[in-house]
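Peer 1: Predicted model and sequence below, questions to follow.
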Amino acid sequence: MLTVVLVSLATSAVVAVAYGFVFAQREDRIRLYLSRQGRGFVRGRYVSAFVGAVRGRAAAADTSLLAFLVLLIVFAAGLYFQNLSLQLQSSTETLESILARPAVQAGSAPQATEKLPEASLAECRADFERRKGVLEWAILAGRGIGVSLLAAFFIGILFWHPFIVMRRRFAFELDRFTLRIQGLASKAELAELALAESRVRDEDTLRSFVEVARKIASRHDVPALVATFDLWQARDVTVQV
């Protein structure tokens, strides 16, 4: 699995380099080609990308990709520590099994040269017993780190990844929203809007900021501009009913 992750990362790097050499210096030619095409798959893909950029989907997609790469690194690190702890445990058990074999006196059997004499074997056993606690601690630590990283990966996929994508999309929409309201506001309204924005610290001050923007949008008969950010509209309607 770790090999697959590394191959995926290497493939992504190769694709990025290929794009830099093949497409990065030819944007003008590509735009000219698309302008001459009435329809087609390539034109449709570029139009879709253009629409996504206007709607903020491109920013959200970039954030999603970067977040996924971060989580992929966490996942790969978790697999690495899990595999490392398993290998260390297997090596420890193998060494312990070898040292547990009975020793023979040198020259007492044809296979004597393949085994350790009693003195050397006893010294190895004593050294192993001294280091066994450290090995067991390293195995538990590696296993714990691996499990923690894998748990962090799944938690990130389920909660952190959707949250930061939504936050990036919301930030894009808020930037556009602020620019539109500023374009509609008079000088006095612009000052009031800037003051309300500078005071945003909690839900109450956030609601005051949205209320100022709603008044500006209502004056121009475009209340839909504020509908996305008016989190209290449904609650106010319920209270009035």
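Peer 2: Everything's here; your move. Residues are numbered from 1 along each chain as shown.

Peer 1: lowest average confidence, helix or strand, in the chain?
Peer 2: helix 233-240 (a mean of 48; mean pLDDT, DSSP states H and E).

Peer 1: Leaving out the residues flanking it, which one is nearest to Thr178?
Peer 2: Glu197 (7.5 Å; CB to CB, 6 or more residues apart in numbering). The C-beta positions use only the backbone N, C-alpha and C, and glycine is treated the same way.

Peer 1: measure the residue sitting nearest the centre point of the chain to Ser186 for me?
Peer 2: Centroid check for the chain by CA atoms, centre = their mean gives Ala67 as the closest residue, at 2.5 Å. The spacing between Ala67 and Ser186, counted by CB to CB, to the nearest Å, is 41 Å.

Peer 1: in this protein, which spans are strands?
Peer 2: Taking DSSP state E as the criterion, the chain carries no strands.

Peer 1: Now do the helices in it.
Peer 2: 2-22, 27-35, 41-55, 57-99, 118-155, 161-184, 187-198, 203-219, 224-227, 233-240 (DSSP state H).

Peer 1: hey, least reliable of those helices by pLDDT?
Peer 2: Ranked by mean pLDDT, those end with helix 233-240 at the bottom, a mean of 48.

Peer 1: Next, count neighbours for the residue nearest to Thr178.
Peer 2: Using other CB atoms under 10 Å, Glu197 has 17 neighbouring residues.

Peer 1: next one: Phe153
Peer 2: Count around Phe153 with other CB under 10 Å applied: 21.

Peer 1: Identify the residue spatially nearest to it, adjacent ones excluded.
Peer 2: The nearest residue in space to Phe153 (CB to CB, 6+ apart) is Phe75, at 4.3 Å.

Peer 1: can you count the residues close to that neighbour?
Peer 2: 21.

Peer 1: Go ahead and confirm it touches Leu149.
Peer 2: Yes: under the contact definition of CB atoms under 8 Å, Phe75 touches Leu149, with a separation of 7.4 Å.

Peer 1: Not counting its neighbours along the chain, what's nearest Pro189?
Peer 2: For residue 189 the amino acid is Glu, not Pro. Using CB to CB, 6+ apart, the nearest residue to Glu189 is Ile216, at 5.3 Å.

Peer 1: now Thr63: how far from Gly56?
Peer 2: From Thr63 over to Gly56 (counting by CB to CB), the distance is 10 Å.
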